[in-house]
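Peer 1: The sequence isn't on hand, but the structure is:
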């Protein structure tokens, strides 16, 4: 990356944020990192940038971020992945994913229009036949996808007013070393490495799995290029969940712990989830380089080393 950029990275202490910082090491840019609190460990990264703890849903905190800092780029990773269509979850999702985006946009108006990059989600396409392309009508099926879609719309509104240069990235299912939470691969590996049975559906759903290192390269490439508009980021291939589970079972040496078929399918299931990333590949000459088997193995090795 060239010198002179001042990049605000939100959600910097999270899974994707740390991989971006590792990928960007030595870039020459100035990084301002923010999260609710500074993590206990940066995974050995030589962090010499400015860290500011605070809640982006607090309008005053967002304004303070821009008062004495000439931010040229925003990479807005902060958000919430809450599941379940309950009133409580919906309120939290809108606060963390929409309200924080609007407050950052408002606060950034104090200076020159920044380049604002929002990693959204491929789930905004809903239960349609993949691979999804950017011209496809969005059809979010749950509150998380809805909250991300609304955040996208906020960015588009600001772009139309020339108040921000916006870039929306809709990633596939992200996985890799250091991931926590209840998404499929971290939950699967946590059970298998602990010697516990992993209950799952029959696994006929297809998922486009993108290693976090490949996503980090894509996001940094769009920062570098100043890319604007909407871009998908995925491999283009939907893999059956039961096949992903079998790879993990083989690599952990615990195939007998796979409870394939133990659970019923969800009422609103997404069956064919794959993303056409032709536009992104054309814009920044990007290609995913980590195959699924290699990515799962790297994740297992990281977990074994961390434990």
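Peer 2: All right, it came through fine. Note that the coordinates shown come from a computational prediction; the quantities given were computed from them, not determined experimentally. Numbering: from 1, shown residues only.
Peer 1: Next secondary structure after the helix or strand of the chain with the lowest mean pLDDT?
Peer 2: Ranked by mean pLDDT, DSSP states H and E, the weakest helix or strand in the chain is helix 87-93, scoring a mean of 91. Moving toward the C-terminus from helix 87-93, the next helix or strand (DSSP states H and E) is helix 100-108.
Peer 1: now for that following helix, which elements pack on it?
Peer 2: For helix 100-108, the elements it packs on are helix 59-67, strand 73-76, strand 115-119, helix 143-160, judged by 3 or more Cβ pairs under 8 Å, 6 or more residues apart in numbering; DSSP states H and E. C-beta: built from backbone N, CA, C; applies to glycine.
Peer 1: closest one to residue 130 among those?
Peer 2: Nearest to residue 130 among the helices and strands packed on helix 100-108 is helix 143-160; the distance by Cβ to Cβ comes to 14.9 Å.
Peer 1: After the closest one, heading C-terminal, what element do we hit next?
Peer 2: strand 165-171.
Peer 1: what packs against that next one?
Peer 2: Strand 165-171 packs on strand 115-119, helix 143-160, helix 212-225, strand 229-233, going by 3+ Cβ pairs under 8 Å, 6+ apart.
Peer 1: Residue 289: which of these is closest?
Peer 2: Of all the helices and strands packed on strand 165-171, helix 212-225 comes closest under Cβ to Cβ, at 6.2 Å.
Peer 1: What helices and strands are in contact with the closest one?
Peer 2: Against helix 212-225 (3+ Cβ pairs under 8 Å, 6+ apart) you get helix 15-23, strand 73-76, strand 115-119, strand 165-171, strand 173-175, strand 229-233, helix 278-284.
Peer 1: The last one - what's its average pLDDT?
Peer 2: It stands for helix 278-284. For helix 278-284, mean pLDDT rounds to 96.
Peer 1: Show me which residues of that helix are buried.
Peer 2: Residues of helix 278-284 classed as buried: 279, 280, 281, 283, 284 (neighbour count, 16 or more other Cβ atoms under 10 Å).
Peer 1: Would you mind pulling up the elements that it packs against?
Peer 2: For helix 278-284, the packing partners by 3+ Cβ pairs under 8 Å, 6+ apart come out as helix 212-225, strand 229-233.
Peer 1: Now do the helix or strand following it: distance to the chain's middle.
Peer 2: Sequence-wise, the next helix or strand downstream of helix 278-284 (DSSP H and E) is helix 292-306. Distance of helix 292-306 from its chain centroid, counting by Cα atoms, centre = their mean, to the nearest Å, is 19 Å.
Peer 1: got the angle between helix 292-306 and helix 212-225?
Peer 2: Here helix 292-306 runs at an angle of 100 degrees relative to helix 212-225 (axes from the mean of the first three to the mean of the last three Cα atoms, to 10 degrees).
Peer 1: Now helix 292-306: buried residues?
Peer 2: For helix 292-306, the buried set under the neighbour-count rule, 16+ other Cβ under 10 Å, comprises 292, 295, 296, 297, 298, 299, 300, 302, 303.
Peer 1: neighbouring contacts of that helix?
Peer 2: With contact meaning Cβ atoms under 8 Å, 6 or more residues apart in numbering, helix 292-306 is reached by 175-179, 185, 189, 193, 209, 211, 239, 244, 247-248, 251-252, 290.
Peer 1: and with 7 Å instead?
Peer 2: The contact list for helix 292-306 (Cβ atoms under 7 Å, 6 or more residues apart in numbering) reads 175-178, 185, 189, 193, 209, 211, 239, 244, 247-248, 251-252.
Peer 1: quick one: average pLDDT of that helix?
Peer 2: What helix 292-306 shows for mean pLDDT is 96.
Peer 1: The nearest residue to residue 35 once chain neighbours are set aside: how many residues sit nearby?
Peer 2: Spatially, and ignoring its direct neighbours in sequence, residue 35 is nearest to residue 13 (4.2 Å; Cβ to Cβ, 6 or more residues apart in numbering). Neighbourhood size, residue 13 [other Cβ atoms under 10 Å]: 23.
Peer 1: mind checking the SS state of residue 13?
Peer 2: coil (DSSP: H, G, I helix; E, B strand; the rest coil).
Peer 1: how about the nearest residue to the residue sitting furthest away from the middle of the chain, chain neighbours excluded?
Peer 2: Distance from the centre of the chain peaks at residue 256, with 31.4 Å (Cα atoms, centre = their mean). Once flanking residues are discounted, residue 256 sits nearest to residue 249: 7.9 Å by Cβ to Cβ, 6+ apart.
Peer 1: How about residue 231?
Peer 2: Nearest residue to residue 231, sequence neighbours excluded (Cβ to Cβ, 6+ apart): residue 280, at 4.2 Å.
Peer 1: could you measure the one you found against residue 19, distance?
Peer 2: To residue 19, residue 280 is 17 Å away according to Cβ to Cβ, to the nearest Å.
Peer 1: Next: residue 119.
Peer 2: Distance from residue 119 to residue 19, counting by Cβ to Cβ: 12 Å.
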